[in-house]
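>>> Next one to model:
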Amino acid sequence: MLKGMKIANFAIISFAVTAPMAHVLELPNKFVLEGPLWLAVQQHLYRGWGALFGPVEIIALLTALLLVWLRRANGVAFRASLVAALAYAAMLGVFFIFNAPVNAAFNSWTVDSMPANWPEFRWRWEVGHAIAAGLSLVGWLALLRASFADRKPVA
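Numbering: from 1, shown residues only. Model prediction:
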């Protein structure tokens, strides 16, 4: 079961890291966008991302937790899997603290109704995704480390 779960988990976590990393790569260019263009990008380019990536990130957490349980007898792999599970849990927490409130706010905005402090919303949204990217990378690397720890030494 461990081998199959490791393969499934690695496929899931590799997909889960793509959205936050895409946001980090876009960040420098998005910080120079004027308000109306930034709003258009937010409301159109990312439509549907939550429905796709939200479940993937939850499944990444759940499979990491299952790997924690499956690796409970292997100290190094267990600890690395636990780090990964904590990173994915924190990643979801960051979304609800930083990104979800901003998403809820700008979904109802129009160019004419954008608040004067819209750059604060942009900052919060981008920083949330940057933190999530870091956490997803920590989780990915920790699970890679755990996978190497599962290997038996060659005699």
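
>>> okay, CA-based contacts and neighbour counts for the rest of this
Fine.

>>> How about the contacts made by Ala77?
Val68, Arg71, Arg145, Ala146, Ser147, Phe148, Ala149, Asp150 (C-alpha atoms under 8 Å, 6 or more residues apart in numbering).

>>> top of these by neighbour count?
Ala146 (26 neighbours; other C-alpha atoms under 10 Å).

>>> helices and strands around the helix or strand encompassing that residue, which ones?
Assessed by DSSP states H and E, Ala146 sits inside helix 118-150. Helix 118-150 sits against helix 2-16, helix 18-30, helix 75-94, helix 100-106, with contacts defined as 3 or more C-alpha pairs under 8 Å, 6 or more residues apart in numbering; DSSP states H and E.

>>> so can I have CSV of the contacts of Ala77 showing distance to Ala19?
As requested, the contacts of Ala77 are exported to CSV (distance: C-alpha to C-alpha, whole Å):
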residue, distance to Ala19
Val68, 24
Arg71, 28
Arg145, 22
Ala146, 23
Ser147, 23
Phe148, 26
Ala149, 28
Asp150, 28
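
>>> which pair in these spans the largest distance?
Val68 and Phe148 (14.5 Å; C-alpha to C-alpha).

>>> Show me where the protein dips below the pLDDT cut-off.
152-155 (pLDDT under 70).

>>> again, only this time at 90
1-7, 9-10, 13, 45-53, 74, 107, 150-155 (pLDDT under 90).

>>> State the helix or strand in which Leu61 lies.
Counting by DSSP H and E, Leu61 is part of helix 49-70.

>>> mind exporting stretch 85-98 as PDB, just the C-alpha atoms?
This file holds the C-alpha atoms of stretch 85-98, laid out as PDB (Å, rounded to 0.1, in the frame of the first residue of the first chain):
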ATOM      1  CA  ALA A  85       1.400  17.300   6.300                       C
ATOM      2  CA  LEU A  86       1.900  20.300   8.500                       C
ATOM      3  CA  ALA A  87       3.000  22.400   5.500                       C
ATOM      4  CA  TYR A  88      -0.100  21.500   3.500                       C
ATOM      5  CA  ALA A  89      -2.400  22.200   6.500                       C
ATOM      6  CA  ALA A  90      -0.700  25.600   6.900                       C
ATOM      7  CA  MET A  91      -1.000  26.200   3.200                       C
ATOM      8  CA  LEU A  92      -4.800  25.800   3.500                       C
ATOM      9  CA  GLY A  93      -4.800  28.000   6.500                       C
ATOM     10  CA  VAL A  94      -3.000  30.700   4.700                       C
ATOM     11  CA  PHE A  95      -5.600  30.600   1.900                       C
ATOM     12  CA  PHE A  96      -8.400  31.200   4.400                       C
ATOM     13  CA  ILE A  97      -6.600  33.900   6.200                       C
ATOM     14  CA  PHE A  98      -5.100  35.800   3.200                       C
END
